[in-house]
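In: sequence plus predicted model, see below.
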Amino acid sequence: MKIKRIAINTGGGDAPGLNAVIRAIVLAATQRGWECVGIRDGYNGLLMPEHYPDGGLMPLTPDTVRGITHLGGTILGTTNRGNPLSYPVLGEDGQYHEIDRSDELLDAFADNKLDALVAIGGDGSLGIAGALANKGLRVVGVPKTIDNDLDKTVATFGFNSAVYFATECIDRLHTTAASHQRIMVVEVMGRYAGWIALNSGVAGTADAILLPEIPYDITKVAEKVQSRTAHGRDFSIVVVAEGARPIGGDVTIIGKAVGQAERLGGVGHKVGAALEALTGKETRVVVLGHLLRGGKPTAYDRLLSLRFGAAAVRALAEGVTGIMVALDPPTVNYVPLAEVAGRMKQVPLDCDTMLTGRDLGINFGD
């Protein structure tokens, strides 16, 4: 079937580079004579069109996307509660229940004469894209997450920007920690993978880094702090991934809403309180949280986003469907969505950055 009109959507958490991907898709598609529309807030624009003044679909033209490459966030909006396979609906009992609205969604694609979809998102969003592809929709996925935890791609856009900002924050905390002889605990995002914590921690010369991949012994971290004090280094920087957990313990969860993944957070405060009790040193905790998602993308992420967007359109033009575009330097290739969804890429404990950290004397809580 010849493509005339394609849809673009962004799902899950926002990440620097989303707008650059949108711009690349629109420009590359326009070159081929295709019309582009953006679905508001994931799939909500099609599932709840009555909630939007424009009917849930935003016309996208070269004029619409002019000057957005450097902007953070997404002009289409996003959500992590709009999974059409498990859509939260308020029942007669006053409680929310999750129902499958995927067939209804496919009908909406047909009714709006949308020939294909470029789905930009992380593991959850690409899992949805894979399910829709299995139901016959022409779909190409683009890997997006600051967590860098998607399999089959060397990097996801948004990750470099998050690491850059986290490293700058750690740099700033060195001076205040040294001035007050404190322990500074820095909690960063990443969910169940420690890529942000590892890379920003090593780059920012942290003294200890706690990762989801290595259950930590807090006494080992305290010993590192006390050893530094004994050698005249009266402050310490400890970077903690939000998914880190103690040996024999669980991750720290803030809460979970219907239709939403569990929210991690709070482990930084637990680590800070424990270190203060064990070492007697004054401790402060900084939670970077959504600061890592906001702001403009780095040059690396802008370029990667533009490459991914253009590659997604090339894939559609080649008749390919059910795939994710993936970074495989020096090229961008295609990977079946079935090989991506549900597979988390965690930090390999023998990777070079881990080995570098250990050679530098960084403590990993083990």
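Out: Sure thing, it's come through.

In: most residues in a single helix of this structure, which one?
Out: Looking across the chain with DSSP state H, the single longest helix is helix 159-180.

In: can I get the CA coordinates of the next helix or strand after that one in PDB?
Out: The first helix or strand that comes after helix 159-180 along the chain, using DSSP states H and E, is strand 183-188. Output of strand 183-188 as PDB, limited to C-alpha atoms (Å, rounded to 0.1, in the frame of the first residue of the first chain):
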ATOM      1  CA  ILE A 183      28.900  13.800  52.400                       C
ATOM      2  CA  MET A 184      26.700  14.700  49.400                       C
ATOM      3  CA  VAL A 185      24.400  12.000  48.200                       C
ATOM      4  CA  VAL A 186      23.100  12.600  44.600                       C
ATOM      5  CA  GLU A 187      20.100  10.500  43.500                       C
ATOM      6  CA  VAL A 188      19.700  10.300  39.700                       C
END
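
In: starting at the chain centroid, how far to the longest helix of the chain?
Out: 20 Å (CA atoms, centre = their mean, to the nearest Å).

In: same thing with stretch 281-296?
Out: Offset of stretch 281-296 from its chain centre (CA atoms, centre = their mean): 16 Å.

In: buried set for that stretch?
Out: By neighbour count with 16 or more other CB atoms under 10 Å, stretch 281-296 contains the buried residues 281, 283, 285-288, 292-293, 296. Yep, even glycine has a C-beta here, placed from its N, CA and C like the rest.

In: stretch 47-55 too?
Out: 47, 49.

In: residues in contact with that stretch?
Out: 40, 44-45, 56-57, 82, 84, 87, 101, 104-105, 108 (CB atoms under 8 Å, 6 or more residues apart in numbering).

In: now for the residues you listed: which two are most distant?
Out: Leu57 and Tyr87 (18.5 Å; CB to CB).

In: look at those two and report which has more neighbours.
Out: Remark: of Leu57 and Tyr87, Tyr87 carries more neighbours, 23 against 19, as counted by other CB atoms under 10 Å.

In: where in this structure is the helix or strand with the lowest mean pLDDT?
Out: The helix or strand of the chain with the poorest confidence is strand 253-255; it has a mean of 77 (mean pLDDT, DSSP states H and E).

In: could you list the paired strands of the next helix or strand after that one along with their orientation?
Out: Downstream of strand 253-255, the first helix or strand assigned by DSSP H and E is strand 263-264. Strand pairing for strand 263-264, determined by DSSP bridges: strand 253-255 (antiparallel).

In: what sits against the residue sitting furthest away from the middle of the chain?
Out: Within the chain, the residue lying farthest from the chain centre (CA atoms, centre = their mean) is Ala230, at 39.4 Å. Taking CB under 8 Å, 6+ apart as the definition of contact, Ala230 has no neighbours.

In: ok, now Val142?
Out: If you count contacts by CB under 8 Å, 6+ apart, Val142 has them with 21, 118-121, 308-309, 312, 324-325.

In: repeat that for 7 Å
Out: Val142 is in contact with 21, 118, 120, 308-309, 312, 325, counting by CB atoms under 7 Å, 6 or more residues apart in numbering.

In: helix, strand or coil for it?
Out: strand (DSSP: H, G, I helix; E, B strand; the rest coil).

In: just grab the bridge partners of it for me.
Out: Listed beta-bridge partners, Val142: Ile120 (assigned using DSSP bridges).

In: next, count neighbours for Glu98.
Out: Glu98 is flanked by 13 other residues according to other CB under 10 Å.
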